[in-house]
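> With the input below, show me the fold.
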Amino acid sequence: MKKTNRLTEKRSERKKVFLKSGAYLIVTDAEKTEKNYFEGIKNIIPDSLKNDLQIKIYSNKPLAKIIDFAAEQRNKDERFRDIWLVFDRDEVKNFDKLIEDAKESKMNVAWSNPCFEIWLMSYFQIPKNIDDSQKCCETFEKVFQENTSKKYKKSEEKIYNILCEKGNENRAIERSREKYHQARKEYSKPSKMIGCTTVYKLVEELKKKIDEE
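Below is the predicted model:
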């Protein structure tokens, strides 16, 4: 039996998905995986409301400037009440400071340590404590293939749909939240919270803003 959740149920004439209020701007430094994932969420929103969820790519530039980039985008459109920056610890210098600076600029951060695949892994199991991005991706590739019978590709355009169909989004949020709060008992800096991610906060926030009628 296929698993369903509020983000993946098909729309019908009597059931439509709406963003309740405000507009979201998601800024990511990744051109493939993260972009495709959030585009998957955007695709289930009615055409009339798609402009309320914008995804901007900030790539091939110093990550330290991503806050300035997001601020420029926000200034261009006052509808954007919620700004979310999505990036990985990976080999980012001043990772913790970047997160703090974003918060001071009234922006949210959906970070992953070490990489975005740690969040994707949570759709199938509790994220592992892996501090190396390459090893994390290799581990996720195995988990993904075991659960989907497909080979994982960072360029997979339907990654969100596959994860929701073969995995469990609600459990992904629960697993990531639990691991995050466990790590918070020992560490205060995100750079020390190996195998954790706050992407679950962004996905959960989007789910709360979506209403089925």
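> And the helix or strand where Val109 lies, what does it pack against?
Assigned by DSSP states H and E, Val109 belongs to strand 108-113. Here strand 108-113 touches strand 80-88, helix 95-104, strand 196-197, helix 199-209, going by 3 or more C-beta pairs under 8 Å, 6 or more residues apart in numbering; DSSP states H and E. Quick note: C-beta positions are derived from backbone N, CA and C, even for glycine.
> can you map out the strands along this protein?
Secondary structure of the chain by DSSP state E: the strands cover 17-19, 23-28, 53-57, 80-88, 108-113, 196-197, 210-212.
> now the ones you listed in a markdown table, with mean neighbour count and distance to Ala71?
Below are the strands of the chain laid out as a markdown table (neighbours: other C-beta atoms under 10 Å; distance: least, C-beta to C-beta, whole Å):
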| stretch | mean neighbour count | distance to Ala71 |
| --- | --- | --- |
| strand 17-19 | 17 | 22 |
| strand 23-28 | 23 | 10 |
| strand 53-57 | 17 | 12 |
| strand 80-88 | 21 | 8 |
| strand 108-113 | 24 | 13 |
| strand 196-197 | 28 | 24 |
| strand 210-212 | 13 | 26 |
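> okay if I get these as CSV plus distance to Arg171 and mean pLDDT?
Converted to CSV, those look like this (distance: least, C-beta to C-beta, whole Å; pLDDT from 0 to 100):
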stretch, distance to Arg171, mean pLDDT
strand 17-19, 21, 45
strand 23-28, 23, 93
strand 53-57, 24, 93
strand 80-88, 21, 93
strand 108-113, 18, 98
strand 196-197, 14, 98
strand 210-212, 18, 54
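> who wins for proximity to Glu165 among these?
Between Glu165 and the strands of the chain, the shortest separation by C-beta to C-beta is 17.0 Å, and it involves strand 17-19.
> just to revisit the earlier point, nearest to Asn161, out of the strands of the chain?
Closest to Asn161 of the strands of the chain, according to C-beta to C-beta: strand 17-19, at 14.5 Å.
> Including distance to Ser133, could the strands of the chain go into a markdown table?
Compiled in a markdown table, the strands of the chain are given as follows (distance: least, C-beta to C-beta, whole Å):
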| stretch | distance to Ser133 |
| --- | --- |
| strand 17-19 | 32 |
| strand 23-28 | 15 |
| strand 53-57 | 19 |
| strand 80-88 | 7 |
| strand 108-113 | 9 |
| strand 196-197 | 13 |
| strand 210-212 | 31 |
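> Asn170: which of these is closest?
The nearest among those, by C-beta to C-beta, is strand 210-212 at 13.4 Å.
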